[in-house]
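Enquirer: I need the structure of the sequence given here:
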Amino acid sequence: MIIADLAEIAGRTYPARRKTQNLVGGASPIQATNFSLGHVTLEPNGGQVPWHNQEQEEIYFIVEGSGEMCLGEERRAVKAGQAVYIPHQVFHQLTNTGDTPMRMIYCYGPAGDVAHWRQELDGTLPRAGQEAPQLPEGAAPQHTEKP
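Expert: Residues are numbered from 1 along each chain as shown. Have a look, this model is predicted:
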């Protein structure tokens, strides 16, 4: 039996003020073919999964906190207990709008790395309105700075 223990997974911190811990896939002891799963903590007041897209379809499940979800041309408030479906290739962004950490679980399939992790670390994320579609009106600005 293979068990991935969140308390033992160091994870990675990203410039957009979030920590991602792979539970299935990536550096996790659990590897699957059809999906990847992970835990993300977004820092208060603006921690973010920046505007990006990917080949895989995905689900974000908000475990704790509240924020703003942008998906294509839509922008909505999200909170703990809600899940958001993200079709493949659709640009999306999640921003913590609260004063406390926001935690979410992501699941995408098929398994494999997603380019936006490396792009964010390298400072090469496509910028909204330039190399990528515009963010929905009123959305929190996309974080694109290098550390």
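Enquirer: remind me which residues of the protein are low pLDDT?
Expert: 145-147 (pLDDT under 70).
Enquirer: same thing but 50
Expert: For the chain, residues meeting the criterion pLDDT under 50 lie at 147.
Enquirer: Just confirm residue 13 is within a strand.
Expert: Yes. Applying DSSP: H, G, I helix; E, B strand; the rest coil, one finds residue 13 inside a strand.
Enquirer: In space, what's closest to the most centrally placed residue in the chain - neighbours in sequence excluded?
Expert: Centroid-nearest residue in the chain: residue 49, 4.1 Å away (criterion: Cα atoms, centre = their mean). Nearest residue to residue 49 in three dimensions, chain neighbours excluded: residue 94, at 4.4 Å (Cβ to Cβ, 6 or more residues apart in numbering). In short, each C-beta sits where N, CA and C put it, glycine included.
Enquirer: neighbours of that neighbour, just the number please.
Expert: Around residue 94 there are 27 other residues, counting by other Cβ atoms under 10 Å.
Enquirer: repeat for residue 141
Expert: For residue 141, the neighbour count with other Cβ under 10 Å is 13.
Enquirer: got the phi/psi numbers for the closest residue to it other than its chain neighbours?
Expert: Residue nearest to residue 141 in three dimensions, not counting chain neighbours: residue 135, with 7.6 Å by Cβ to Cβ, 6+ apart. Main-chain torsions, residue 135, degrees, to the nearest 10: phi -70, psi 150.
Enquirer: how many neighbours does residue 135 have?
Expert: The local packing of residue 135 (other Cβ under 10 Å) involves 18 other residues.
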